[in-house]
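Undergrad: Provided below for reference: sequence and predicted model.
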Amino acid sequence: MFAIPGQAPVTMTDAAVRQISRLMQKDGRFGLKIGVKKGGCAGMEYTMDYVDAADSNDEVVERDGARVLIAPMAQMFLFGTEIDYETSLLESGFKFRNPNVADACGCGESIRFKDVESLSAERGA
């Protein structure tokens, strides 16, 4: 789609790699699938689900025992995203640093992406 040869569509911080590996081992899963769906006050939300196998069109990113699969419809929206895992006094969870996000709601649960034409122009497609 908009992939650059030899470049992973997403990257994972060391903290994300440790947490994803832990979750995969704990539950005996193949990987963690990431996607996007309509919802929330900004229009879109990230989805994360355990999977036992990759679909033929999933993009698979592996690092040090952590395996992330990106759903086909989410690939152009997630390209260039850094996945992190943060722990604080009040909460812990995955954080997405996504250059394709144009806006986010105040609660941080939903996002609005740049339009497809903008994404295509930025990537030279």
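TA: Cool, the structure landed. Numbering: from 1, shown residues only.
Undergrad: burial of residue 20, as a residue count?
TA: 25 (other C-beta atoms under 10 Å). C-beta: built from backbone N, CA, C; applies to glycine.
Undergrad: swap that for residue 34, please
TA: Neighbours of residue 34 (other C-beta under 10 Å): 24.
Undergrad: Is it located within a strand, as I assumed?
TA: Yes: assignment of residue 34 by DSSP: H, G, I helix; E, B strand; the rest coil places it within a strand.
Undergrad: how about low-confidence regions in the chain?
TA: Across the chain, the ranges flagged by pLDDT under 70 are 1-6, 42, 106-110, 116-125.
Undergrad: Just the strands from the protein, written as ranges.
TA: Secondary structure of the chain (DSSP state E): strands located at 10-12, 31-38, 44-51, 59-63, 66-70, 81-87, 92-97, 101-104, 111-113.
Undergrad: Need those strands in a markdown table (columns: distance to residue 25).
TA: Output for these, formatted as a markdown table (distance: least, C-beta to C-beta, whole Å):
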| stretch | distance to residue 25 |
| --- | --- |
| strand 10-12 | 16 |
| strand 31-38 | 12 |
| strand 44-51 | 12 |
| strand 59-63 | 14 |
| strand 66-70 | 10 |
| strand 81-87 | 15 |
| strand 92-97 | 17 |
| strand 101-104 | 31 |
| strand 111-113 | 30 |
